[in-house]
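Chemist: test case, fold it:
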Amino acid sequence: MQHGRHTKSPPYHWMAAIGAVAVVLAALGALAVLDGDSVRSGNQAGALQAATPTPTGTTTPSSRNAVAMDGCRVVHRQQGRVLRTAHRSLAQWRLHVEAMNRLVAGEITLDQARAYWEQTRVGARAHVAGFERAEAAYAGAAGCGQSSRCIAGVQARDQAIGSARRAINTWTQHMEHMDMLRSGTMTPEQATQMWLHSWHKGVAELDRHADDRRRAARIDAC
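Modeler: Modelled structure (predicted):
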């Protein structure tokens, strides 16, 4: 399937598009609840603070730099875990919004879009929970100090983690809306309006995160 950037709405008649969305949401109402285990971690893991060695005796610039590098590498490893778990969750959200892009563009049928959406619900909440656990254990870029040569790469990764969190929040909110639709606490009309908003917001946030990941990869010096 395609994963290109969609910065503009596809050339499609919007009345027909909104009608298609309403039909889609009505069909989604018959699907099983997303990842029925309803995992909710909500920052279950305790904060894991990066321990910075405290040098004893007289220190030199080179020893202080070595200490800063050690702390920075700890942060870097934590960031790697957070970004890997973010990727697993956001890959599902990307597939979800790309299917909508292609449906509205007339590139795939409603049945094909529903098949893609069915794939995205498998393990979705568990992947979000995995990201939340890894993020809770992340001590933040401050553990790197200011003098290490890999600080720029760590700061860029920190920015990528922030954009991942925003995109995953939108994905989680959309899953909650679909649960409300299935339970009857939200009407198809309300769900349609919320899905249109989440769809456009999701595309923009996913693209921003992809840009942040590429930038972090380019300047990574750890």
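
Chemist: low-confidence stretches in the chain?
Modeler: Along the chain, the parts satisfying pLDDT under 70 run over 1-68, 145-148.

Chemist: can I get the CA coordinates of stretch 188-206 in PDB?
Modeler: C-alpha atoms of stretch 188-206 as PDB (Å, rounded to 0.1, in the frame of the first residue of the first chain):
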ATOM      1  CA  PRO A 188     -22.800   7.900  13.700                       C
ATOM      2  CA  GLU A 189     -23.200  11.500  12.900                       C
ATOM      3  CA  GLN A 190     -21.100  12.600  15.900                       C
ATOM      4  CA  ALA A 191     -18.500   9.900  15.100                       C
ATOM      5  CA  THR A 192     -18.300  11.000  11.500                       C
ATOM      6  CA  GLN A 193     -17.400  14.600  12.500                       C
ATOM      7  CA  MET A 194     -14.800  13.400  15.000                       C
ATOM      8  CA  TRP A 195     -13.300  11.000  12.500                       C
ATOM      9  CA  LEU A 196     -12.900  13.600   9.900                       C
ATOM     10  CA  HIS A 197     -11.100  15.800  12.500                       C
ATOM     11  CA  SER A 198      -8.900  12.900  13.700                       C
ATOM     12  CA  TRP A 199      -8.100  11.800  10.200                       C
ATOM     13  CA  HIS A 200      -6.700  15.200   9.100                       C
ATOM     14  CA  LYS A 201      -5.000  15.800  12.400                       C
ATOM     15  CA  GLY A 202      -3.500  12.300  12.300                       C
ATOM     16  CA  VAL A 203      -2.000  12.800   8.800                       C
ATOM     17  CA  ALA A 204      -0.300  16.000   9.900                       C
ATOM     18  CA  GLU A 205       1.000  14.600  13.200                       C
ATOM     19  CA  LEU A 206       2.300  11.400  11.600                       C
END
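
Chemist: which secondary structure elements does the longest helix seen in the chain sit against?
Modeler: Taking DSSP state H as the criterion, the chain has its longest helix at helix 61-104. Contacts defined by 3 or more Cβ pairs under 8 Å, 6 or more residues apart in numbering; DSSP states H and E place helix 61-104 against helix 14-28, helix 110-120, helix 124-136, helix 151-183, helix 188-219. (C-beta placed from N, C-alpha, C; glycine too.)

Chemist: tabulate these in TSV, adding columns for mean neighbour count.
Modeler: What follows is those, written out as TSV (neighbours: other Cβ atoms under 10 Å):
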stretch	mean neighbour count
helix 14-28	15
helix 110-120	15
helix 124-136	21
helix 151-183	19
helix 188-219	18
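
Chemist: could you export those helices as TSV, including distance to Arg84?
Modeler: As requested, the helices and strands packed on helix 61-104 are exported to TSV (distance: least, Cβ to Cβ, whole Å):
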stretch	distance to Arg84
helix 14-28	29
helix 110-120	19
helix 124-136	8
helix 151-183	11
helix 188-219	11
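
Chemist: Gln78 is nearest to which of the ones you listed?
Modeler: For Gln78, the closest of the helices and strands packed on helix 61-104 is helix 124-136, at 7.9 Å, according to Cβ to Cβ.

Chemist: got the angle for the longest helix of the chain vs helix 124-136?
Modeler: 160 degrees (axes from the mean of the first three to the mean of the last three Cα atoms, to 10 degrees).

Chemist: now do helix 61-104 against helix 110-120, angle only.
Modeler: Counting by the same axes, to 10 degrees, helix 61-104 lies at 150 degrees to helix 110-120.

Chemist: rewinding a little: Ala142: which of the helices and strands packed on helix 61-104 is closest?
Modeler: Across the helices and strands packed on helix 61-104, Ala142 has its closest neighbour in helix 151-183 (9.2 Å, Cβ to Cβ).
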